[in-house]
Structures are given as C-alpha cells and as structure tokens.
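Visitor: my questions are about this predicted structure, shown below with the sequence.
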Amino acid sequence: MGNTSSGAGASANASPLEKSELNGAPVTVDDLRVLALLNYGHFTSMQVSDGAVRGLDLHMQRIEEATQRLFGSALDIAAVRAHMRHILDGERGQFSLRLNVFSRQLQRERMDEPASPEVLITLGPARTAHVMPLRVKAFRHQRTSYRDSHAGSTGAATYL
C-alpha cells in the first residue's frame, strides 16, 4: 500500500509523495483488511494545488451525505479536514488526494445497523488529464465473465 509516512520506515518502493493515513495516523495492513474484504464504502478524489482544493465544500457535502446513507452515522467533517491538513503538512505543489470512507465496525450480517465511519486518505502525485478527448460508446450490460467473481470496477475496465 505504499508509504505510510515520509522518512524512516517507509516502504522501499514508495516515492516520498505517496502517503496513506487512516483517521490521521499511519495506516497498517491490518487496518485495511476490512476495506479489502468487505469492499463497502465510498470515496472522493480531488486535485490539491499548494494546499487548496477547488470545490472542497462540494466534496465534503457529498461524502457527508453518502456516509449518512451508507453507514447510518454522521461523518465529522471538521476531523476529515484536519486529517487532510495533517497529510498535506509541509507539502507544497500539485497532488492528487483520495479520501475513502469505510468502517471496520461494519458487519456483513448486520448491514442495516449504524457503523462508525473511518477515513483513509491517500496522497500522491498529481494526475494529468488525457490530451486526446475520450470517445463514448453505449453497451448493453452483460456480465463480463460468468465464471469469475470480481471486485469493484473490473467489468467497467473491460470496455476501456
């Protein structure tokens, strides 16, 4: 999962610009187990330019509403902003920031019960836009592989 922090203890293959934190603290593999196995939550991605994010209030409103819908719990937006400031501390320049909301308390057998949301933030190099415009084509949906179960957007990637 890349670097949990800059400096000592950093993963050998992570660049200094790749950081991940869970609730404002370094993330461990065990922290991510539920996210990987349950694959339930939501995210938003944003471009950061010298500490500023265009439309930050809209990102925060969207994740606040989605958290209430998915987890039946409120998301502490002040804490989310503090976590964002923490991961950006001392960093200047252009970055991509991805904010995942999930819950390690969520139980597959009790999805309708409220669960405390947690925030995984990943900071990396800024993404660049495609130079050429994309073309869009409609497809009738069908499962891409009848034999294979998949996670996330595996089916969508088939058509890219």
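Guide: Thanks, I have it. Numbering: from 1, shown residues only.
Visitor: for Val136, see how far away Gly24 is.
Guide: Look at Gly24 and Val136: by Cβ to Cβ, to the nearest Å, they are 39 Å apart. Yep, even glycine has a C-beta here, placed from its N, CA and C like the rest.
Visitor: for those two, indicate the residue with more neighbours.
Guide: Between Gly24 and Val136, Gly24 has the larger neighbour count (other Cβ atoms under 10 Å), namely 15 against 5.
Visitor: quick check: closest non-adjacent residue to that one.
Guide: Excluding the flanking residues, the one nearest Gly24 by Cβ to Cβ, 6 or more residues apart in numbering is His83, at 4.4 Å.
Visitor: helices or strands next to the helix or strand where that neighbour lies in the packing?
Guide: Using DSSP states H and E, His83 sits within helix 77-88. Here helix 77-88 touches strand 19-22, helix 56-71, strand 94-102, strand 118-125, going by 3 or more Cβ pairs under 8 Å, 6 or more residues apart in numbering; DSSP states H and E.
Visitor: name the residues that touch that helix?
Guide: For helix 77-88, the external contacting residues (Cβ atoms under 8 Å, 6 or more residues apart in numbering) are 19, 21, 23-24, 48, 51, 60, 63-64, 95, 97, 99, 119, 121, 123.
Visitor: distance between it and the chain's centre?
Guide: When C-alpha coordinates are averaged (Cα atoms, centre = their mean, to the nearest Å), helix 77-88 and its chain have centres 14 Å apart.
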